[in-house]
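In: quick check, what structure comes out for this input:
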Amino acid sequence: MKIWFRLHGYEPCSWTSVWQYLRIAFADIGIEVHDVTAPENPEECVELWWGDPQFFRWSGLPVRAKVSLALSEAHSIRAEGRVSVIKNLAQSDMIICPSEFAATAFREAPLDIPIRIAFFGVDPEEFAFTERSWGGTLKFLHAGVTQFRKGSWLVPEAFAMAFSEDDDVQLMMAAPRSSPMYTRLKSEYGKQKNIIFHMNREDSALSLYRRNHIYVSPHLSEGFGLMPVEAMATGMPCIMSRCSAPCEYFDKEYGWWDEMSENYVPVADCLPGTNGFWRLPDVESLADQMLNAYKGREEAGKKGEAASAYTHSELTWKLTAEQIVTHIEEVLSEENICRDDRLQRGKLVTGPSGKYITTR
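Out: From the prediction side, this is the model:
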């Protein structure tokens, strides 16, 4: 199989990160990958688009198949771009999503095409297990863009509820760039000596994981959640909201659940024009789990070891690439079987171009 792997933009972000890792993973399993420019023989290639479906631009070339790799972090497609999203996805032969949760909006959209699941992953060599000392200062980490969907504001609030400034514990709020929520939280909590606000685009995620012990993700919604899985791979147990995609791959063996509250907020507060509600994680539960990690460091270390072993064996980009290829081959095979069956029943004839067309 040959894959023409396409992306709608190349500025550094999670879209490009997934694209880069998957390109390498496809090559590692023997798949010939084309990317920016069109292949010389497009009919031999599967045109695979990744990213926001409203920006997909199918080539119109006679490719072997058209596949959409996409996700949604809500149960509905937002109004802005909805028509384009459905139109672009409808042109593909199948959709692949990184979780069942991420597929919900597409399963409930007017799209009569196969939808398959292939978890995203990590590079186990890059995110190798890191030995940590679980004595001394216990360090919590919340990383990524500080924002509403990530539940970022809950982290320092819960930390302040759980600990005093004299406790041997630290929270790092790390972000690659500023945001309105980052600025507000820094203003509110920045003077507390055991809460560190760290903003450095040059500081890699791996470096952050290695310097800390517990990853905190009180998200309201995740289509998959790359950073928690990367953190797990290095041996960090997580405190994870019991909602959305992480429910499909996370377990208390690898950390602690932050239970959900009975409070809901409009999705449109984060994704304008998107209907529905997200349930808020419980801030008191988050504080309790921080305390559990602080008091049970030996258990935390074992959870981190289990998280790393699980991630390295079950959640890797190589497995993602293999699963995507398997799904494509299965759907192409099913289409061939259906075509052959219709041929036998006289439902298909060849048209002027030599391609099969359906007779009425």
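
In: distance of Phe5 relative to Leu315?
Out: Remark: distance between Phe5 and Leu315 (C-beta to C-beta, to the nearest Å) = 20 Å. Quick note: C-beta positions are derived from backbone N, CA and C, even for glycine.

In: then Leu7?
Out: Counting by C-beta to C-beta, the gap from Leu7 to Leu315 is 22 Å.

In: now do Gly276
Out: 28 Å.

In: swap in Val283?
Out: Note on Val283: its distance to Leu315, by C-beta to C-beta, is 28 Å.

In: same thing with Ala309?
Out: 11 Å.

In: over to Arg64?
Out: From Arg64 to Leu315 the distance is 29 Å (C-beta to C-beta).

In: can you pull out the helices in this protein?
Out: 14-28, 82-90, 100-107, 154-162, 180-189, 205-210, 226-233, 283-295, 297-314, 317-344 (DSSP state H).

In: mind checking which of those is nearest Leu141?
Out: Nearest to Leu141, of all the helices of the chain, is helix 205-210, at 6.0 Å by C-beta to C-beta.

In: list the contacts of the closest one.
Out: Here helix 205-210 makes contact (C-beta atoms under 8 Å, 6 or more residues apart in numbering) with 126-127, 130, 141, 143, 172, 174, 198, 215, 227, 230-231, 234, 236.

In: just the buried residues of that helix, please?
Out: 205-206, 208-210 (16 or more other C-beta atoms under 10 Å).

In: next one: stretch 211-220
Out: Quick answer for stretch 211-220 (16+ other C-beta under 10 Å): 212-220.

In: same check on stretch 152-162?
Out: Across stretch 152-162, burial judged by 16+ other C-beta under 10 Å covers 152-160, 162.

In: same check on stretch 116-129?
Out: Neighbour counts over stretch 116-129 (16+ other C-beta under 10 Å) mark 116-124, 127, 129 as buried.

In: higher neighbour count, Gly276 and Leu315?
Out: Leu315 (20 against 15; other C-beta atoms under 10 Å).

In: now that one: closest residue in space that isn't a chain neighbour?
Out: Gly121 (4.3 Å; C-beta to C-beta, 6 or more residues apart in numbering).

In: contact partners for the spatially closest residue to Arg132 that is not a sequence neighbour?
Out: Once flanking residues are discounted, Arg132 sits nearest to His213: 6.0 Å by C-beta to C-beta, 6+ apart. Taking C-beta under 8 Å, 6+ apart, we find His213 in contact with 132, 134, 138-141, 236, 293, 300, 304.

In: now do Cys270
Out: 147-149, 220, 278.

In: got the phi and psi for it?
Out: With angles defined as degrees, to the nearest 10, Cys270 sits at phi -110, psi -40.

In: dump the residue contacts of Glu126.
Out: Leu206.

In: redo that, cut-off 10 Å
Out: 21, 204-206, 230, 233-234, 317 (C-beta atoms under 10 Å, 6 or more residues apart in numbering).

In: what would those residues look like in JSON lines with distance to Glu330 and pLDDT?
Out: Shown next, in JSON lines, are the contacts of Glu126 (distance: C-beta to C-beta, whole Å; pLDDT from 0 to 100):
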{"residue": "Tyr21", "distance to Glu330": "23", "pLDDT": "97"}
{"residue": "Ser204", "distance to Glu330": "37", "pLDDT": "93"}
{"residue": "Ala205", "distance to Glu330": "34", "pLDDT": "95"}
{"residue": "Leu206", "distance to Glu330": "35", "pLDDT": "96"}
{"residue": "Glu230", "distance to Glu330": "29", "pLDDT": "98"}
{"residue": "Ala233", "distance to Glu330": "29", "pLDDT": "98"}
{"residue": "Thr234", "distance to Glu330": "34", "pLDDT": "98"}
{"residue": "Trp317", "distance to Glu330": "20", "pLDDT": "98"}
